[in-house]
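Novice: when you get a sec, could you give me coordinates for this:
(one chain, ligands or ions: 1)
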Amino acid sequence: MAIRMQPYGMVDGQAVYEYTLTNKNGLEIACLNYGCAVRRVLTPDREGNYANVVLGFPELTHYRSNPVYCGVVVGRVAGRIKDACFELGGTTYRLDKNNGRHHLHGGVQGFSHAVWQAEMIDRDTVCGVRFFHVSPDGEGGYPGEVQTQITYTLNESNEFLIQYQAHSEAPTLFSPTNHMYFNLSGGLQRDILQHTLKIDSDRFLELDADLIPTGKILDVEGTAFDFRSGRSIHDGVISEHPQNQLVRGYDHAFLLNHHYAGEIELYDELSGRHLMVETDAPGVVLYTGNQLPDDLDFVGGRSRRYLGLCLETQGLPDAVHHSHFFSCILQRGAWFTSATKYSFNIMAAGSSKGRG
Ligand code: G6D
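Specialist: Numbering: from 1, shown residues only. You can find the predicted model right below:
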């Protein structure tokens with residue numbers, strides 16, 4: 001294992017560094033203490049060719065704007081909160097309106113746009129970075145000062161683990177995620193429409209025209225949302241299901257049936273690259289890059305629709321307005337803990353069992 005730290009720039013007088021984690025197999029992960037952004041993940045294809053499998057920007061300035069939340073941790077609350085307000089303990093809180101009249105991904109100065117304090121982890125079989133951030137009472141409109149610690153670690157088994165811990169000085173909302181866009185073709189050679197995805201989920205959340213959950217939980221059976229035996233992302237683009245048509249692909253939260261049981265698998269048949277995602281989070285938002293614009297420059301190519309997909313393990317979006325969703329309330333003094341593990345492997349040609 002090896003870790004190296006290099007200056008990457010300055011934000012408001014605070015130093016930003018790039019941390020590069022490398023294991024004995026040559027798997028490499030580069031991340032920043034700005035937004036905890038993951039900007040590069042190098043993995044081999046079945047021919048042994050290493051290439052980057054996540055969307056990343058070349059410069060810090062791109063991460064300072066980052067309208068697509070590329071690679072960053074989003075929070076305090078991932079996803080949308082309807083009308084950018086909620087009631088808690090008899091008080092109505094008004095959040096940043098940064099997505100029309102709604103609130104998205106923690107608001108204007110959310111986790112994605114903070115300089116995190118960082119310390120390196122360098123042990124024989126694990127290396128990584130532990131990020132710390134104090135979100136002051138009232139940031140983005142949220143109550144309570146929240147102390148958050150996010151730990152990235154890579155081991156010798158090609159497993160990248162993200163651990164989230166937080167506690168608050170007052171009741172608040174908390175449901176973060178990481179917003180990496182994956183593209184297993186390597187080096188952005190192709191888009192993600194021919195990727196095969198499996199999700200161990202029977203149900204997903206219906207969205208309204210503003211992409212806000214309606215509160216209805218729909219069954220995947222007989223729809224392009226049924227990923228239980230695997231299917232290609234393209235199915236969702238050509239599907240006539242109104243929910244696919246609404247977003248021209250997927251931008252939906254799935255309720256996971258099991259945890260730490262191989263519940264999410266992404267596979268690119270042409271390269272042989274395979275990613276397994278396991279988590280204790282209640283759900284995962286599948287976002288297939290439907291709104292990626294064509295005016296961003298990623299390392300390896302220009303942005304375009306469907307160039308990457310996100311597997312945002314998290315609570316359920318807008319849970320504060322739906323009592324039948326898993327709660328995202330963090331009580332005063334309680335600890336929030338969650339972890340998601342990304343395991344990178346290779347599959348032999350022809351081994352995809354999906355319908356993709
Ligand atoms: C769009 O609706 C999508 C979100 O799900 C995504 O996180 C964001 O773009 C980056 O708003």
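Novice: ends of stretch 303-320, what's the gap?
Specialist: Stretch 303-320 stretches 33 Å from its first residue to its last (CA to CA, to the nearest Å).
Novice: go on, stretch 302-316?
Specialist: 31 Å.
Novice: how about stretch 242-251?
Specialist: 13 Å.
Novice: can you tell me what sits against it?
Specialist: In this structure, residues lying in contact with stretch 242-251 by CB atoms under 8 Å, 6 or more residues apart in numbering are 204, 206-207, 209, 211, 218, 224-225, 233, 236-237, 239, 252, 285-290, 305-306. All C-beta atoms are positioned from the backbone trio N, CA, C, and that covers glycine.
Novice: for that stretch, give the mean pLDDT please.
Specialist: For stretch 242-251, the mean pLDDT works out to 98.
Novice: does that stretch come close to the ligand?
Specialist: Yes: Stretch 242-251 reaches the ligand (CB under 6 Å from any ligand atom) through Asp251.
Novice: by contact count, what packs against the biggest strand by length in the chain?
Specialist: In the chain, taking DSSP state E as the definition, the longest strand is strand 335-346. With contacts taken as 3 or more CB pairs under 8 Å, 6 or more residues apart in numbering; DSSP states H and E, strand 335-346 sits against strand 38-44, strand 159-168, strand 273-279.
Novice: Tyr63 - that's part of a helix, no?
Specialist: Yes: assigned with DSSP: H, G, I helix; E, B strand; the rest coil, Tyr63 falls within a helix.
Novice: can you pull out the strands in the stretch 51-200 of the chain?
Specialist: Applying DSSP state E, counting those that start in this stretch to the stretch 51-200 of the chain gives strands spanning 73-74, 80-81, 85-88, 91-94, 103-104, 117-122, 126-135, 146-155, 159-168, 172-173, 177-178, 181-182, 196-199.
Novice: circling back: just the buried members of the contacts of stretch 242-251?
Specialist: Among these, those classed as buried by 16 or more other CB atoms under 10 Å are 204, 206-207, 211, 218, 224-225, 233, 236-237, 239, 252, 285-290, 305-306.
Novice: now, which of the residues you listed lie within helices?
Specialist: Residues of the buried ones among the contacts of stretch 242-251 located in helices (DSSP state H): 236-237.
Novice: and the closest residue in space to Val11 that isn't next to it in sequence, how many neighbours?
Specialist: Ranked by CB to CB, 6 or more residues apart in numbering and with sequence neighbours excluded, the top spatial neighbour of Val11 is Val115, at 5.2 Å. Val115 has 19 neighbours, counted by other CB atoms under 10 Å.
Novice: tell me how far Val115 lies from the ligand.
Specialist: Remark: distance between Val115 and the ligand (CB to the nearest ligand atom, to the nearest Å) = 21 Å.
Novice: okay, and the beta partners of that residue?
Specialist: Tyr34 (DSSP bridges).
Novice: my guess is it meets Met10, correct?
Specialist: No: counting by CB atoms under 8 Å, Val115 does not reach Met10; the two are 9.1 Å apart.
Novice: and Ser229, what's its pLDDT?
Specialist: At Ser229, the model reports a pLDDT of 98.
Novice: ok, for Tyr69, nearest residue in space, not its chain neighbours?
Specialist: That would be His179: by CB to CB, 6+ apart, it lies 4.2 Å from Tyr69.
Novice: cool, Asp137 as well?
Specialist: Closest to Asp137 by CB to CB, 6+ apart is Glu145, at 4.7 Å.
Novice: neighbours of the one you found, how many?
Specialist: 16.
Novice: same question for the one 4 residues further on.
Specialist: Here the number of neighbours of Gln149 (other CB under 10 Å) works out to 16.
Novice: now Asp208
Specialist: Number of residues near Asp208 (other CB under 10 Å) recorded here: 12.
Novice: what does Tyr260 give?
Specialist: 11.
Novice: tell me the secondary structure at it.
Specialist: coil.
Novice: my read: it touches Val277, true?
Specialist: No: using CB under 8 Å, Tyr260 makes no contact with Val277, being 10.4 Å away.
Novice: which residues are common contacts for these two?
Specialist: Both Tyr260 and Val277 are contacted by Lys341, under the criterion CB under 8 Å, 6+ apart.
Novice: show me the beta-bridge partners of Ser135.
Specialist: Beta-bridge partners of Ser135, as defined by DSSP bridges: Val146.
Novice: residues contacting it?
Specialist: 76, 111, 114, 142, 145-148.
Novice: hmm, 7 Å instead?
Specialist: By CB atoms under 7 Å, 6 or more residues apart in numbering, Ser135 lies in contact with 76, 145-146, 148.
Novice: one more: Met10?
Specialist: Per CB under 7 Å, 6+ apart, neighbours of Met10: Val16.
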